[in-house]
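Engineer: what's the 3D shape of this:
(chains A and B)
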Amino acid sequence: MSRELTLDPRVDLGRGLLLPNPVGVASGTFGYGFEFEHLVDIQRLGAIYTKGTTPLPRAGNAPPRVAETAAGMLNSIGLHNPGVEHVATAYAPRFAGWRVPVVVNVAAATVEEYVDCLRRLEIDGVAGIELNISCPNIANGLDFGRDAAAAGRLVQACRAATSRCLIVKLSPNVTDIGAVARAVEAAGADAVSAVNTYIGMKVNLGSGRPVLPGRGTGGLSGPAIKPLALAAVAAVRAAVSLPVVGVGGIAEPADALEFFVAGADAVQVGTANFTEPGAAIRVLDGVVAYAEAHRLGRLTELRAVPAPQPA
Amino acid sequence: MRRVPDRLRRSDLTRTVDERGEVVAVDELDGGLVELSARLPLLAERTLPGQFAQLRCGPGPVPLLRRPFSVAWVAGDVCAFVFERVGEGTRRLAALHRGDPLDSLGPLGTGFTLPPAAGRVLIVAGGLGCAPFPLAACWARRSGREVTVLSGAATAARLYPPERYRRGDGGISVIEATDDGSRGHRGLVTDLVEAHLDASVVALWACGPNPMLATLAGAIGRADAALLPSVAEASLEAPMGCGFGTCLGCALPVDDGDGRRWALCCTEGPVMPITAVDWERLRELPPAHVA
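Structural biologist: The predicted structure follows:
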């Protein structure tokens, strides 16, 4: 017996970016999608947020680059990527043939560089831009993300440079994430994603040194950060009325549902992709099944943290 | 004159499958080595010698990451993996019992290359570097090559048993070395290479700790070019997040004609041409134990 579906899974992130469903895959955990093409049906995803893409190709940091921690992992990849030109010429034409929207994550060192990248990405196949102002693993990667005024100026310049949906990925490594969210909302962001990795360190007592090289720190991700990320999403939800994309430690459908309770409009599955290539699809199926079982029309009906009323 | 480096290859992810298998046996070998075998029909059918699988060490988030293991041998639809208990993940795998489920993502990475020429394959295995070679030796024999395994370890107890390399094939000759002289040559396994590297060798395959591989690379660099086989490959290790080229965590230093760069152990390795690896920089890195 067929049953009418109650759920409308679509999520409008603004400026024409209508996600077919709320479960996407986080930047840095899914490459540019190609590695997963043969393992899972990537076209079922709500969105692919690409590896952080920089103005020029980057070779990345010296190894070791990853270290496992309790229910999590640290990474210090250093934005190893082929550069915006390669993404624009070699990858975007392939994205254009996909049903899944591809949001290109962009990282740069100066306002001018961000603007140049965004202009280069005004092409078919690029469904939106996720502005990475929160990479903890490159010099000055956090400069924009830690200062609400600087983040606002950057987003204002980027707003003028792109016609696409502009999502700003917030850093949790700040005192007041709500203040940064308000600044980027005022500057014209269409949505925010929360959160990027938490700065962490693992020490090898045998060598008497941190496991990761350089400063010894990396970005912590995985189930270990889920409670922190939920709190950050709730803080952002209370600060802005923009759509919020929740990310941090989602590995199970219930994890994703918790993010909707905390105020998210959509979610990203991240580190779980490394251990289970089909994790995001399984999370999506579980979320939809839950919504149907509870006769939800929209997942935002789960929300327990209200957004502020627009002035 | 420096030999022109061979180019790195890329793995074929179209053959990779996320498969739930079933443990057949967990064999305790001497010296702390563990041989885990599991019914994994798709991996057994698809894997090439030198490729690896990412094994899940339990259902929960601790330990979070899968662990990469070379496929040690294949018998019918059963695949085996050799490791020692180095950390939480390998301890859990060693504690599995017959009939337990085992999740494998594989085959992953590049495998060894067998050139068309007839002749001998020389295998150099140090410590846990034995892991890929029962399968690789068997493949070379089935392809009509003679096989000599130079097998080294710290002590006799820690040598992978020669009969497990041979798996019933008397045509596989195993010559041993131990650091303490408790069996075979007293000293390093690389001491044995010069005596066994002659014009009949068409392929040299190696796996072991980075210092061993670097020593081998140095010996190849100094050897008479006329004696060098057309294939000289090493299987390497690096701390790994995903195993299929996405997390970009398993960088290794290489120089394969495009200049010095980082290559991913999981998709441009683990088997790399020995001449393409930047051994000087690799020596400076901490050892990468699969824990």
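
Engineer: So for the chain, the centremost residue is which one?
Structural biologist: Picked chain A for this. With distances taken as C-alpha atoms, centre = their mean, A:Ala26 lies nearest the centre of chain A, 4.6 Å away.

Engineer: Distance of it relative to A:Gly125?
Structural biologist: Distance of A:Ala26 to A:Gly125, computed by C-beta to C-beta, to the nearest Å: 20 Å. C-betas here are computed from N, CA, C, even on glycine.

Engineer: Can you pull out the low-pLDDT segments for the chain?
Structural biologist: No chain specified, so I'll use chain A. A:1-4, A:137-141, A:310-311 (pLDDT under 70).

Engineer: try chain B instead
Structural biologist: Residue ranges of chain B with pLDDT under 70: B:1-5, B:289-290.

Engineer: repeat that with 50
Structural biologist: Chain B contains residues with pLDDT under 50 at B:1-2.

Engineer: Tell me the residue of the stretch 51-200 of chain A that sits nearest chain B?
Structural biologist: Going by C-beta to the nearest C-beta, chain B is nearest to A:Val66 of the stretch 51-200 of chain A, at 3.4 Å.

Engineer: for chain A, what are the nearby residues on chain B?
Structural biologist: B:13-14, B:16-18, B:54, B:56, B:61-66, B:105, B:238-242, B:244-252, B:261-262, B:285-286, B:288, B:291 (C-beta under 8 Å from any C-beta of the partner chain).

Engineer: Quick one: distance of the longest helix seen in chain B to the chain centre.
Structural biologist: Looking across chain B with DSSP state H, the single longest helix is helix B:210-222. Mean-position distance between helix B:210-222 and its chain equals 16 Å (C-alpha atoms, centre = their mean, to the nearest Å).

Engineer: Which other helices and strands does that helix contact?
Structural biologist: Applying 3 or more C-beta pairs under 8 Å, 6 or more residues apart in numbering or on different chains; DSSP states H and E, one finds that helix B:210-222 makes contact with strand B:120-126, helix B:193-196, strand B:201-207, strand B:231-235, helix B:279-283.

Engineer: Return the set of buried residues in that helix.
Structural biologist: Buried positions in helix B:210-222, judged by neighbour count with 16 or more other C-beta atoms under 10 Å in any protein chain shown: B:210, B:212-217, B:219-220.

Engineer: And for stretch B:183-193?
Structural biologist: Residues B:183-185, B:188-190, B:192-193 are the ones in stretch B:183-193 that count as buried (16+ other C-beta under 10 Å).

Engineer: Identify the residues contacting the closest residue to the residue of the stretch 51-200 of chain A closest to chain B other than its chain neighbours.
Structural biologist: Computed as C-beta to C-beta, 6 or more residues apart in numbering or on different chains, the closest residue to A:Val66 that is not its neighbour in sequence is B:Gly249, at 3.4 Å. When contacts are counted by C-beta atoms under 8 Å, 6 or more residues apart in numbering or on different chains, B:Gly249 touches A:63-66, A:75, A:77, B:238-242.

Engineer: Could you rerun that using 7 Å?
Structural biologist: Taking C-beta atoms under 7 Å, 6 or more residues apart in numbering or on different chains, we find B:Gly249 in contact with A:65-66, A:75, A:77, B:239-241.

Engineer: could you dump those residues to CSV with distance to A:Gly97?
Structural biologist: What follows is the contacts of B:Gly249, written out as CSV (distance: C-beta to C-beta, whole Å):
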residue, distance to A:Gly97
A:Arg65, 32
A:Val66, 32
A:Asn75, 30
A:Ile77, 28
B:Pro239, 35
B:Met240, 31
B:Gly241, 29
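
Engineer: what helix or strand does the closest residue to chain A within the stretch 51-200 of chain B sit in?
Structural biologist: For the stretch 51-200 of chain B, the residue closest to chain A is B:Pro61, as judged by C-beta to the nearest C-beta, at 4.1 Å. Under the criterion DSSP states H and E, no helix or strand holds B:Pro61.

Engineer: ok, it - how many residues close by?
Structural biologist: B:Pro61 has 20 neighbours, counted by other C-beta atoms under 10 Å in any protein chain shown.

Engineer: give me every residue that touches it.
Structural biologist: In this structure, B:Pro61 makes contact with A:71, A:222-223, A:251, judged by C-beta under 7 Å, 6+ apart.

Engineer: can you check B:Leu42 too?
Structural biologist: When contacts are counted by C-beta under 7 Å, 6+ apart, B:Leu42 touches B:17, B:19.

Engineer: quick one: it and chain A, what's the gap?
Structural biologist: As judged by C-beta to the nearest C-beta, to the nearest Å, B:Leu42 and chain A stand 13 Å apart.

Engineer: cool, and B:Val26?
Structural biologist: Relative to chain A, and taking C-beta to the nearest C-beta, B:Val26 is found at 22 Å.

Engineer: Okay, and the beta partners of that residue?
Structural biologist: B:Leu36 (DSSP bridges).

Engineer: Count the residues that sit near it.
Structural biologist: B:Val26: 17 neighbours (other C-beta under 10 Å).

Engineer: Assign the closest residue to chain A within the stretch 101-250 of chain B to helix, strand or coil.
Structural biologist: Among the residues of the stretch 101-250 of chain B, B:Gly249 lies closest to chain A, at 3.4 Å counting by C-beta to the nearest C-beta. Of the three states, B:Gly249 takes coil under DSSP: H, G, I helix; E, B strand; the rest coil.

Engineer: Any residue of stretch A:280-287 touching chain B?
Structural biologist: No. Between stretch A:280-287 and chain B, judged by C-beta under 7 Å from any C-beta of the partner chain, nothing touches; the nearest distance is 11.1 Å.

Engineer: domain assignment for chain B?
Structural biologist: What automatic domain parsing lists as the domains of chain B is B:13-108, B:120-283.

Engineer: Dump the ones you listed to CSV, plus distance to A:Leu154.
Structural biologist: Compiled in CSV, the domains of chain B are given as follows (distance: least, C-beta to C-beta, whole Å):
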stretch, distance to A:Leu154
domain B:13-108, 33
domain B:120-283, 25
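
Engineer: and the residue lying closest to A:Ala127 once chain neighbours are set aside, how many neighbours?
Structural biologist: If the residues on either side of it in the chain are set aside, A:Ala127 comes closest to A:Pro101, at 3.6 Å by C-beta to C-beta, 6+ apart. By other C-beta under 10 Å, the residues close to A:Pro101 number 22.

Engineer: repeat for A:Arg215
Structural biologist: 13.

Engineer: I'd guess it is in a strand, am I close?
Structural biologist: No. Per three-state DSSP, A:Arg215 lies outside any strand segment and is coil.

Engineer: Okay, it and chain B: tell me how far apart.
Structural biologist: Taken as C-beta to the nearest C-beta, the span from A:Arg215 to chain B is 16 Å.
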